[in-house]
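> Got a predicted structure plus its sequence, pasted below:
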Amino acid sequence: MGYAEIYKRSITDRNAFWMDQAGAIDWVTPPTQALFDDRAPIYEWFADAEVNTCFNALDRHVAAGRGDQVAVIHDSPVTGTKTHITYAQMLDRVSRLAGALAAKGVSKGDRVLIYMPMVPEALVAMLACARLGAIHSVVFGGFAARELATRIDDAQPRAIIAASCGIEPGRVVHYKPLLDGAIDMATHKPDFCVIFQREQERAELIPGRDHDWDAFQKDATPADCVPVKGSDPAYILYTSGTTGQPKGVIRATGGHLVALAWTMKNLYNVNPGEVFWTASDVGWVVGHSYICYGPLIHGATTLVFEGKPVGTPDAGTFWRVIEEHRVVSFFTAPTAFRAIKREDPQGKLVGDYDLSSLRVLYLAGERADPDTILWAQDKLGVPVIDHWWQTETGWAIAGNPMGLEPLPVKIGSPSVPMPGHEIHILDEGGNPLPPGELGAIAIKLPLPPGTLPNLWNAEDRFRKSYLTTFPGYYETGDAGYLDEDGYVYIMARTDDVINVAGHRLSTGAMEEVLASHPDVGECAVIGVSDELKGQLPLGLLCLNAGVTRDHAEVTAECVKLVRERIGPVAAFKHAVVVDRLPKTRSGKILRATMVKIADGEPFNMPATIDDPAILDEITAALKPLGLAARD
């Protein structure tokens, strides 16, 4: 059965299609139906089933006689270590940690926050939570204490599992002081913390609250899998909101399992036992879906990589990993390839390695520019597949189903809708637009399994953020168009969330930090184009009347403030003082217009602008930064 027939069935007979796909999962109590729509537009999948994620990722493979197969490869060029862990070994480690957590009172429905670098113990922690039916919330290790505290207060975890530190090229990132600071700031206090002590830095533990990873589980009784409902949350993952308050995306257990199982072969063309590598971080949705859960559910080998595309030690590190571990399918962000291309534009290092195992390269996380795709195709000699998805969806909205039926690649497009995603392009009034016409990208409800059913303790916000603008649709927040063949083209965000190296970051959160500076009266943050990272944030500051300090001092303090409050992940390096910001007559700041000015692109004068002369002032202020240059 080809793509067109499968996609059509997923839309016209959703229940039967997804019940068929559910056959790939081992259920404690099998579902009697797939879709539950009694609370529409709040939908649930496999709600009457019982299942356990950890059982499907580990136990069933060991029971099938594949315990000696490698489940996890850890390759860390920053520490010079490599580790292979079999399915049987993973099952033992996960069961013991789960038993230790259970002995401390962690049970089904409790939240556990995980703050870990790219080490196998991060996956062990996630799977141990899943084994108990506890809901994990992984926070990227690059986030600062204040961001961590916000998530602690929202999720209210019973426990926190963290590492003593993270390792970056040339430096150690001190996790434990950030964690201690976050707990001090947070209103909610966890019952206890478990700290994985790394050789590079052993953290000081707080007696009574903190437990050493090894000692904590030394004498633990291994825990059995706890069944949960198919509609119960597997995890909460926070994503940036335009208000600066992160949104807790829920991933329901049953749909998560079914969707990921379908994608591993049909989208990524990976077979059980083969090595699948996603060069991301477990703190992002890609790391949840395709470092931890997807490969293990499918019985593949997943690769946990702790390093950078360049500098660990050079721009050939990706090629070394592919050759050494015989990677068949590789998934990363375009930013990584732009960094490699910048360091080795001729691709000379590619020739030093045997990449014959690699079948396909997948790119996602941001728009893949044609130059990067063409460079990768030429140097690697394999198909380069762009695909599009979001934290909210958990897997691809649009892609090229390489394991099902490889479709023609159209550079600039992430290809076609994946099963269950009925994509429409709408005008401001919610009316469908014809092929080739730019509009808001929306997905007709219900969304397929594996996508968010709601936000954590915030159903009103869920409805307002995603379901209100276009009733009957999920609003993606992206703008684009469909061509005559049904291929999707993503052109821009329709909100003010910017994309830095594949990481969605809120300009609103950065603006809140900048506005807290005593000299700043008003500010705006925009995303300007960057050859390496896709976008970089730029702050525009209006100072309070009477401020006579040197502007360079103020901007330096503001940059430091953002990095302290949000963390290095924001890549916030530049701010500029301006006299005023361009606004509409109703007071809305014209961020999109400033982005066009900064990027040197032509723009139409906004009809509602209060004072057009301000745009010339902005242009003049940006030119010393090398921006606002027309070709």
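Structure's in. What do you need?

> Quick check: buried residues in stretch 209-223?
When neighbours are counted by 16 or more other C-beta atoms under 10 Å, the buried residues of stretch 209-223 are found to be 210-213, 216-217, 220, 222-223. C-betas here are computed from N, CA, C, even on glycine.

> Over to it now: how far is its first residue from its last?
This stretch, stretch 209-223, spans 22 Å end to end (C-alpha to C-alpha, to the nearest Å).

> And that stretch, how far out from the chain middle?
Its chain's average C-alpha position is 30 Å from that of stretch 209-223, according to C-alpha atoms, centre = their mean, to the nearest Å.

> repeat for stretch 18-25
26 Å.

> List the buried residues for stretch 187-197?
By neighbour count on 16+ other C-beta under 10 Å, the buried set for stretch 187-197 is 190, 192-197.

> for stretch 620-631, that is, sorry about that
If you call a residue buried by 16+ other C-beta under 10 Å, then stretch 620-631 has these buried ones: 621-622, 627-628.

> Tell me which entries of the buried residues of stretch 209-223 lie within helices.
Using DSSP state H, 213, 216-217 are the members of the buried residues of stretch 209-223 that sit in helices.

> Rebuild the residues you listed as TSV, extending it with pLDDT and distance to Glu459.
As requested, these are arranged in TSV below (pLDDT from 0 to 100; distance: C-beta to C-beta, whole Å):
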residue	pLDDT	distance to Glu459
Trp213	98	36
Phe216	98	36
Gln217	97	37
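
> for the buried residues of stretch 620-631, which one is nearest Val285?
Using C-beta to C-beta, Leu627 comes nearest to Val285 of the buried residues of stretch 620-631, at 30.9 Å.

> my read is the closest one is in a helix, agree?
No. With DSSP: H, G, I helix; E, B strand; the rest coil as the criterion, Leu627 is coil rather than part of a helix.

> what about it, distance to Ala215?
With distances defined as C-beta to C-beta, to the nearest Å, the gap from Leu627 to Ala215 amounts to 53 Å.

> With Gly65 instead?
Gly65 sits 34 Å away from Ala215, taking C-beta to C-beta as the criterion.

> got the phi/psi numbers for Phe337?
Recorded main-chain torsions at Phe337 are phi -70, psi -30, according to degrees, to the nearest 10.

> Mind picking out the helix or strand in the chain with the poorest mean pLDDT?
strand 503-506 (a mean of 66; mean pLDDT, DSSP states H and E).

> helix or strand right after that strand?
Per DSSP states H and E, strand 503-506 leads on to helix 507-515 as the next helix or strand towards the C-terminus.

> Which residue ranges make up each domain of this protein?
Per the record's domain assignment (automatic domain parsing), the chain is made up of the domains 86-226, 498-625.

> Show me where the stretch 401-550 of the chain has its strands.
When secondary structure is read from DSSP state E, counting those that start in this stretch, the stretch 401-550 of the chain shows strands at 416-417, 422-426, 439-444, 473-482, 488-493, 497-500, 503-506, 520-530, 534-543.

> what about the closest residue to Gly133 other than its chain neighbours, distance to Phe46?
Ranked by C-beta to C-beta, 6 or more residues apart in numbering and with sequence neighbours excluded, the top spatial neighbour of Gly133 is Lys108, at 3.4 Å. As defined by C-beta to C-beta, Lys108 lies at a distance of 17 Å from Phe46.

> Just to be sure, Gly166 is in a strand?
Yes. Remark: Gly166 belongs to a strand, assigned using three-state DSSP.

> Now do it, the pLDDT please.
According to the per-residue confidence, Gly166 scores 95 in pLDDT.

> how deep is it tucked in, by neighbour count?
The number of residues packed near Gly166 is 25, by other C-beta atoms under 10 Å.

> now it, which residues is it bridged with?
On the basis of DSSP bridges, Gly166 takes part in beta bridges with Val173.

> Where does the prediction get shaky in the chain?
Across the chain, the stretches falling below the confidence threshold (pLDDT under 70) are 142, 240-244, 492-498, 504, 506, 508, 584-588, 607-608, 630-631.

> Please pick out the residue of it most distant from its centre.
Relative to the centre of the chain, the most outlying C-alpha is that of Gly546, 42.9 Å out, by C-alpha atoms, centre = their mean.

> quick one: that residue and Val520, what's the gap?
When Gly546 is compared with Val520 (using C-beta to C-beta), they lie 13 Å apart.

> and if you look at His74?
Distance, His74 to Val520, by C-beta to C-beta: 44 Å.

> who's more crowded, these two?
For the pair His74 and Val520, the greater number of neighbours falls to Val520 (24 against 21), based on other C-beta under 10 Å.

> number of nearby residues for Asp371?
By other C-beta under 10 Å, the burial measure for Asp371, its neighbour count, is 14.

> Could you do Ala130 as well?
The tally of other residues near Ala130 (other C-beta under 10 Å) stands at 29.

> same deal with Arg463?
Around Arg463 there are 14 residues (other C-beta under 10 Å).

> Report the contact partners of it.
Taking C-beta atoms under 8 Å, 6 or more residues apart in numbering as the criterion, Arg463 is in contact with Pro41.

> what do you get if the cut-off is 10 Å, keeping everything else the same?
Listed by C-beta atoms under 10 Å, 6 or more residues apart in numbering, the contact partners of Arg463 are 41-42, 454-455.

> Over to Met185?
145-146, 148-150, 152-153.

> how close does it sit to Leu179?
Taking C-beta to C-beta as the criterion, Met185 is separated from Leu179 by 11 Å.

> Ok, Pro582 next?
Distance check for Pro582 against Leu179: by C-beta to C-beta, it reads 41 Å.

> what's the spacing between Lys265 and Gly67?
Lys265 is 22 Å from Gly67, by C-beta to C-beta.

> Of all pairs in the buried residues of stretch 209-223, which one spans the longest distance?
In terms of C-beta to C-beta, those reach their longest pairwise distance at Asp210 and Pro222, which sit 23.2 Å apart.

> from memory Pro309 sits against Leu349, does it?
No. In terms of C-beta atoms under 10 Å, Pro309 does not count as a neighbour of Leu349; the distance is 11.4 Å.

> Compare those two and say which is more crowded by neighbours.
Pro309 (22 against 18).

> backbone phi and psi for the more buried one, please?
With angles defined as degrees, to the nearest 10, Pro309 sits at phi -70, psi -30.

> Identify the residues contacting the closest residue to it other than its chain neighbours.
Closest residue to Pro309 in three dimensions, ignoring its sequence neighbours and counting by C-beta to C-beta, 6+ apart: Ala336, at 4.1 Å. Ala336 makes contacts with 279-280, 308-310, 318, 363, 365, 372, 501-502, 532, as judged by C-beta under 10 Å, 6+ apart.

> List phi and psi for Pro233.
Backbone torsions for Pro233, taken as degrees, to the nearest 10, come to phi -70, psi 130.

> just Ile291 next, same as before
Dihedral angles of Ile291 (phi, psi; degrees, to the nearest 10) stand at phi -100, psi -50.

> Would you quantify the distance from Val520 to Thr555?
Val520 is 10 Å from Thr555, by C-beta to C-beta.

> Please enumerate the shared neighbours of these two.
Counting by C-beta under 10 Å, 6+ apart, the common neighbours of Val520 and Thr555 are 514, 539, 541, 575, 577.

> Among these, name the buried ones.
Buried subset of the shared contacts of Val520 and Thr555 (neighbour count, 16+ other C-beta under 10 Å): 514, 539, 541, 575, 577.
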